[in-house]
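A.B. asks: Give me coordinates for this.
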Amino acid sequence: MNRERSIIHLNVADFAVAVERVVNSALHDQPVIVAPLQAARAAVYDMSEEAYGDGVRKGMLLRQATRLCRSARILAPRLDLYRRAMNAFVGEARAYSPIVEYGAEDGHLFLDVTGTHRLFGAAADVGWRLRKQVRDKLRIDPIWSLAANKLVSKVASRLVKPLGEYIVGSGEEELFLAPLPLHLLPGVATVEMQRLLEFNIRKIGQLASLNRSHLYAVFGRRADVLYKMSRGVDTEIVRAPERQAPAISFEHVFADDIGERCVIEGVVISLAVRIGMKLRSSRMVGRRMALDLHYTDGSRTIRQASVKRGASDDDSLRDMALLALKRALTRRIRVRSCRLVCDRLHRQSPQLSLFAELDLIDRKKERLCSAMDIVRNQFGGESVRFGSQATLH
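C.D. replies: Next comes the predicted model:
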């Protein structure tokens, strides 16, 4: 027998701004825009509710945003700070259930509290208690909503932004969604939304009034998905992220959003060198390099490159990083930041190669990298570098 689910969705509105206000209380009750400073074509990373009311939106060019909201305080994004705050937020939620789904440092998470009532009481009580706990300990105030599935709980939280709570009873999903505007329904593609508006379908209930055959004639294989979503049917479970394997990562935020490939390559090489120094100091090697690029318009691309044998020398790591960059940098849009991650780590094997020539090459690389690390540790990480390597501060 399937147990009725209880899914809580928590959302800290304008998460980056909320975290900045915790750090600096003087920012409260005034418009705030988070965007790269001194960037030629900087775009808005996040904004406060006050700035949103003046027309500022995420991804908007900063110069346009400052014209709309002239009194706004402009802050440079601090991604590492937001990541630490998000980890603390998730940690509070995990006290009530191990099944927590979350993504990037955006202040959103789903919590499955099905069957926990004997420990913590009714699901609604968990929502109230968790909000108070986060507000008291972390000084951020999340929206929360409760429903029988992720889809409906997410829509419910959108209704009470920036502050509040909403509970949708089991069996009330279709009745709850029917009067709401179509744009509140997550998962509807832009093209699909435009097509529905052409048919003068503007409410979720209007979409729900169509049968599968009507939808199939227009949307093909997507018909069944739209049919279920419009009725509040969602069978997707809350997926707790898998335990992360050990990895080494470094990140760089450009002072000015950059479009020159050679400059980005130089930064990526510098990050690869830092990873190499960390690997060698730990007597580890890595087999995969992943590059996460954040663009000016708020989008991101993640690509990776791997080798069969683990590597820790600068040459091999640089080649992997540049291959990942080649696969990732395919858009003609400026890059805001990049993060290089090396994983699939294991201990460096002390066993010699069966082939003397290959072993000799490996030993030479190892001695060369050790010598360069000694110089770098004494005179700074930039004292020995590749010709195309960028200087990072």
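A.B. asks: where do the helices sit along the stretch 51-200 of the chain?
C.D. replies: 62-68, 79-94, 117-120, 123-138, 150-159, 173-177, 190-198 (DSSP state H, counting those that start in this stretch).
A.B. asks: now the stretch 251-393 of the chain
C.D. replies: Counting by DSSP H, counting those that start in this stretch, one finds helices in the stretch 251-393 of the chain at the ranges 261-281, 314-328, 356-379.
A.B. asks: What mean pLDDT does the last one get?
C.D. replies: The one in question is helix 356-379. Across helix 356-379, pLDDT averages out at 73.
A.B. asks: Going forward, count from 57.
C.D. replies: Sure thing, new numbering starts at 57, so read that last one as helix 412-435.
A.B. asks: Using a markdown table, lay out the helices of the stretch 107-256 of the chain together with mean neighbour count and distance to Leu401.
C.D. replies: Quick note: C-beta positions are derived from backbone N, CA and C, even for glycine. A markdown table is the format used below for the helices of the stretch 107-256 of the chain (neighbours: other CB atoms under 10 Å; distance: least, CB to CB, whole Å):
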| stretch | mean neighbour count | distance to Leu401 |
| --- | --- | --- |
| helix 118-124 | 17 | 39 |
| helix 135-150 | 17 | 20 |
| helix 173-176 | 11 | 37 |
| helix 179-194 | 16 | 32 |
| helix 206-215 | 22 | 33 |
| helix 229-233 | 18 | 45 |
| helix 246-254 | 12 | 40 |
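A.B. asks: could those be laid out in TSV, adding mean pLDDT and distance to Asp312?
C.D. replies: TSV is the format used below for the helices of the stretch 107-256 of the chain (pLDDT from 0 to 100; distance: least, CB to CB, whole Å):
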stretch	mean pLDDT	distance to Asp312
helix 118-124	91	11
helix 135-150	92	16
helix 173-176	90	49
helix 179-194	94	32
helix 206-215	94	34
helix 229-233	95	44
helix 246-254	91	30
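A.B. asks: For Cys394, find the nearest of those helices.
C.D. replies: Nearest of these to Cys394, taken as CB to CB: helix 135-150 at 11.0 Å.
A.B. asks: packing partners for the closest one?
C.D. replies: If contacts are counted by 3 or more CB pairs under 8 Å, 6 or more residues apart in numbering; DSSP states H and E, helix 135-150 sits against helix 71-79, strand 156-158, strand 164-168, helix 179-194, strand 304-314.
A.B. asks: a markdown table for the ones you listed, including distance to Leu424?
C.D. replies: Below are the helices and strands packed on helix 135-150 laid out as a markdown table (distance: least, CB to CB, whole Å):
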| stretch | distance to Leu424 |
| --- | --- |
| helix 71-79 | 43 |
| strand 156-158 | 42 |
| strand 164-168 | 46 |
| helix 179-194 | 47 |
| strand 304-314 | 21 |
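A.B. asks: For Asp369, find the nearest of the ones you listed.
C.D. replies: strand 304-314 (14.7 Å).
A.B. asks: Now do the closest one against helix 317-337, angle only.
C.D. replies: Counting by axes from the mean of the first three to the mean of the last three CA atoms, to 10 degrees, strand 304-314 lies at 160 degrees to helix 317-337.
A.B. asks: Can you check the pLDDT for the spatially most central residue of the chain?
C.D. replies: Taking CA atoms, centre = their mean, the centroid of the chain lies closest to Ala160, which sits 2.4 Å from it. Note on Ala160: pLDDT of 74.
A.B. asks: Excluding chain neighbours, what is closest to it?
C.D. replies: Leaving aside its chain neighbours, Ala160 sits nearest to Met142 (7.8 Å; criterion: CB to CB, 6 or more residues apart in numbering).
A.B. asks: just Lys193 next, same as before
C.D. replies: In this structure, Lys193 finds its nearest non-sequential neighbour in Glu148, 6.6 Å apart by CB to CB, 6+ apart.
A.B. asks: which residues sit in contact with the one you found?
C.D. replies: Applying CB atoms under 8 Å, 6 or more residues apart in numbering, one finds that Glu148 lies in contact with 186, 189-190, 193-194.
A.B. asks: Tell me who's in contact with Asp399.
C.D. replies: By CB under 8 Å, 6+ apart, the residues touching Asp399 are 301-304, 342, 344, 346.
A.B. asks: Now a PyMOL select for only the buried ones of those.
C.D. replies: To isolate the buried members of those in PyMOL, using 16 or more other CB atoms under 10 Å:
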select buried, resi 304+342+344+346
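A.B. asks: hmm, back to that, for Arg77, find the nearest of the helices of the stretch 307-449 of the chain.
C.D. replies: Closest of those to Arg77 is helix 317-337, at 30.5 Å (criterion: CB to CB).
A.B. asks: by contact count, what packs against the closest one?
C.D. replies: Counting contacts by 3+ CB pairs under 8 Å, 6+ apart, helix 317-337 is packed against strand 304-314, strand 340-351, helix 370-384, strand 391-403, helix 412-435.
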